[in-house]
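J.: Got a sequence here, can you model it:
(2 chains)
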Amino acid sequence: MRYMFLMYSQEIAGGPPPEEIERLKRDHGAVVKEVTEKRILLAVEGLKPTTTATTVRMKEGKAITLDGPFAETKEQLAGFYILECADLDEAIEWAKRMPTGCKGGPGCIEIRPVAELPRVS
Amino acid sequence: MHRDTPGRRIAASVLTMDAKAAVESVFREQSGRIVATLIRISRSFDAAEEAMQEAFAAALASWPVKGLPENPAAWITATAHRKLIDRSRRERTQQDNQDSLQYETEVAKQPGEEENEENFMHLPDDRLRLIFTCCHPALNQESQIALTLRTLGGLSTPEIAKAFLLPEPTLAQRLVRAKRKIQDAHIPYEVPSALHLSERLTSVQAVIYLVFNEGYVATAGDQLVRGDLCLEAIRLGRVLRELLPREPENLGLLALMLLHDSRRGARVRGGQLVTLEEQDRSLWDRAKISEGLAIMEQAFTAKPVGPYQLQAAITALHAQAETPHETDWRQIAALYERLLAFQNTPVIALNHAVAVALSAGLEEGLNRIDALGASGELDNYYLFHAARADILSRMRRLKESSVAYQQALGLAANRMEQEFLARRLATLECELDGRIDPGCSDG
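T.: Numbering: from 1, shown residues only, chains lettered A, B, ... in the order given. Got it, this is the predicted structure:
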């Protein structure tokens, strides 16, 4: 089953300090290397900070474009993985290894199973 | 001439009654184990429950006529399994071109026609998988409790709703959501690996103990104790001990529940709450006490010691005291101190302080209680004020005690607890009135 790992992190202006960046690179690098070798990596990306975000919302048939993320929350989406895992327990084990301080502040990982759409015949 | 003689009619009705009673007893004793196996086969809580219900209905029709099978639980499991196979065949015909669900192929792989109950007599016990899945940390605790009682405990949705004083639709919804999450997020149906076992076991134990506590100290409503929940929790505790007998905390938990439950009959008298100190100790259930003590000793020999064992040991010291005076408060204080090393919570610290008050001295105990109160964390905990009030009244600081009882009264949610506090307060006010004379009043 495919799981998406949504990494949330509190954003700190200027991002994490240099030594923290090194640690993040090393820890994410280790996860990416291992999931690649196991052939369960389907996608992994980091995102630019929410200062670069644009939200498009449809209102009464018209698209309204707004500056910023759709929700003002403490922790912002910082990146994601999509992995093929046997079950939720395996997914939880991977999540425990993913660093969450990607944008400088503390964070967390939300695990969501990917909805398998019915095949179009 | 085929009219039944009265004798035959009676025999038939006795048989019907026996069969019905047998079906009920198999359900009560074995449904947890049966449904656990069916979930493993079908990979679906709903399909498993439905098939089991159909199999029990079939038993009600068949057993009175054909007599009881040799192994009733195996008969039910085999019959339910056939129903699962039938269902998967029906569904496959209906959705020929679609990918079949995993469990259908699993079921189809089984040698359907040749199934008989013999095959089910030596099946491994699947209840351990079931209990770990029901208590998976990815489910919230309310769902864990509901699902455990529903599947492993075999309680009906209305029964669980009634026990927790919840509207039935709320509970039904909770169960639906939990089962959907297990299915959709692929929560595994497995016993956790050795690496995670003890961590995961903690949440299983917590669920069982919460069920017990909800029965023992109902948080709301008119009744203080709901014995059915206590008994159900003890039953689950026995199952857990049977499944993982080498885990000392499983023994500790079972001992703790038995020792608490031994006092159930003495805790309420004429609809009123009776404190431990005032209980008629001859009403305590001696059989439960001796079973609890024996299990507790087993647990302590097994090691390592954990919080349930320590709590059981504390409860045991109360159970062993013939009169309140003989209570070994010094030992209880020492045990609470060890418990604090595991669970440094204000509530345990409060209990520790009370034990100190009753062993080392009231003054020292009160100082500890007041130090705890300073953080404000216990402001809304009625037992904090009640404990403080009790120590103050023992110190004959009656006015302060009365104020503390009033605070406790304002916070207690259970009617019986409120009545108890009101009685204490009334007694105290009488004493206070009695002291209004020049010799005694010191302001």
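J.: ok, for B:Ala58, nearest residue in space, not its chain neighbours?
T.: Distances taken as C-beta to C-beta, 6 or more residues apart in numbering or on different chains put B:Thr79 closest to B:Ala58, at 5.5 Å, once the chain neighbours are dropped. C-beta here means a position set from N, CA and C on the backbone, and glycine is covered the same way.
J.: what's the helix or strand for the one you found?
T.: helix B:72-94 (DSSP states H and E).
J.: now that helix, how far from the chain's geometric center?
T.: Averaging C-alpha positions (C-alpha atoms, centre = their mean, to the nearest Å) puts helix B:72-94 32 Å from its chain's average.
J.: Can you show me the CA trace of it as PDB?
T.: Taking C-alpha atoms only, helix B:72-94 is exported to PDB below (Å, rounded to 0.1, in the frame of the first residue of the first chain):
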ATOM      1  CA  PRO B  72     -19.300 -26.300  19.500                       C
ATOM      2  CA  ALA B  73     -16.800 -23.500  19.000                       C
ATOM      3  CA  ALA B  74     -15.200 -25.400  16.100                       C
ATOM      4  CA  TRP B  75     -18.600 -26.000  14.600                       C
ATOM      5  CA  ILE B  76     -19.300 -22.300  14.700                       C
ATOM      6  CA  THR B  77     -15.900 -21.400  13.200                       C
ATOM      7  CA  ALA B  78     -16.300 -23.900  10.400                       C
ATOM      8  CA  THR B  79     -19.800 -22.800   9.600                       C
ATOM      9  CA  ALA B  80     -18.800 -19.200   9.600                       C
ATOM     10  CA  HIS B  81     -15.900 -19.900   7.400                       C
ATOM     11  CA  ARG B  82     -18.200 -21.600   4.800                       C
ATOM     12  CA  LYS B  83     -20.300 -18.400   4.900                       C
ATOM     13  CA  LEU B  84     -17.300 -16.300   4.200                       C
ATOM     14  CA  ILE B  85     -16.400 -18.500   1.200                       C
ATOM     15  CA  ASP B  86     -20.000 -18.300  -0.100                       C
ATOM     16  CA  ARG B  87     -19.900 -14.600   0.300                       C
ATOM     17  CA  SER B  88     -16.600 -14.200  -1.500                       C
ATOM     18  CA  ARG B  89     -17.900 -16.400  -4.400                       C
ATOM     19  CA  ARG B  90     -21.100 -14.300  -4.700                       C
ATOM     20  CA  GLU B  91     -19.100 -11.100  -4.700                       C
ATOM     21  CA  ARG B  92     -16.600 -12.500  -7.300                       C
ATOM     22  CA  THR B  93     -19.400 -13.300  -9.600                       C
ATOM     23  CA  GLN B  94     -20.900  -9.900  -9.100                       C
END
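J.: pLDDT on that helix, on average?
T.: Mean per-residue pLDDT for helix B:72-94: 90.
J.: Give the buried residues for it.
T.: B:72-85, B:87-88 (16 or more other C-beta atoms under 10 Å in any protein chain shown).
J.: Who are the packing partners of it?
T.: helix B:6-42, helix B:45-66, helix B:102-109 (3 or more C-beta pairs under 8 Å, 6 or more residues apart in numbering or on different chains; DSSP states H and E).
J.: Would you check that B:Leu147 makes contact with B:Arg180?
T.: No. Look at B:Leu147 against B:Arg180 with C-beta atoms under 8 Å: they stay out of range, at 11.5 Å.
J.: So between the two, which is more surrounded?
T.: Between B:Leu147 and B:Arg180, B:Leu147 has the larger neighbour count (other C-beta atoms under 10 Å in any protein chain shown), namely 27 against 12.
J.: Quick one: residues contacting the more buried one.
T.: Listed by C-beta atoms under 8 Å, 6 or more residues apart in numbering or on different chains, the contact set of B:Leu147 reads B:Cys134, B:Leu139, B:Leu175, B:Ala178, B:Lys179.
J.: if I look at the third one, how far off is B:Thr148?
T.: This means B:Leu175. Remark: distance between B:Leu175 and B:Thr148 (C-beta to C-beta, to the nearest Å) = 11 Å.
J.: Output stretch B:343-358 as CSV, nothing but the C-alphas.
T.: Extracted C-alpha coordinates of stretch B:343-358, given in CSV (Å, rounded to 0.1, in the frame of the first residue of the first chain):
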residue,chain,number,x,y,z
GLN,B,343,4.5,7.6,36.8
ASN,B,344,5.3,11.0,38.3
THR,B,345,1.8,12.3,38.2
PRO,B,346,0.2,14.7,40.7
VAL,B,347,-2.5,12.1,41.5
ILE,B,348,0.1,9.5,42.6
ALA,B,349,2.0,12.2,44.5
LEU,B,350,-1.2,13.0,46.3
ASN,B,351,-1.7,9.4,47.3
HIS,B,352,1.9,9.2,48.5
ALA,B,353,1.4,12.4,50.6
VAL,B,354,-1.7,10.8,52.2
ALA,B,355,0.2,7.7,53.0
VAL,B,356,3.0,9.8,54.5
ALA,B,357,0.4,11.7,56.6
LEU,B,358,-0.9,8.4,58.0
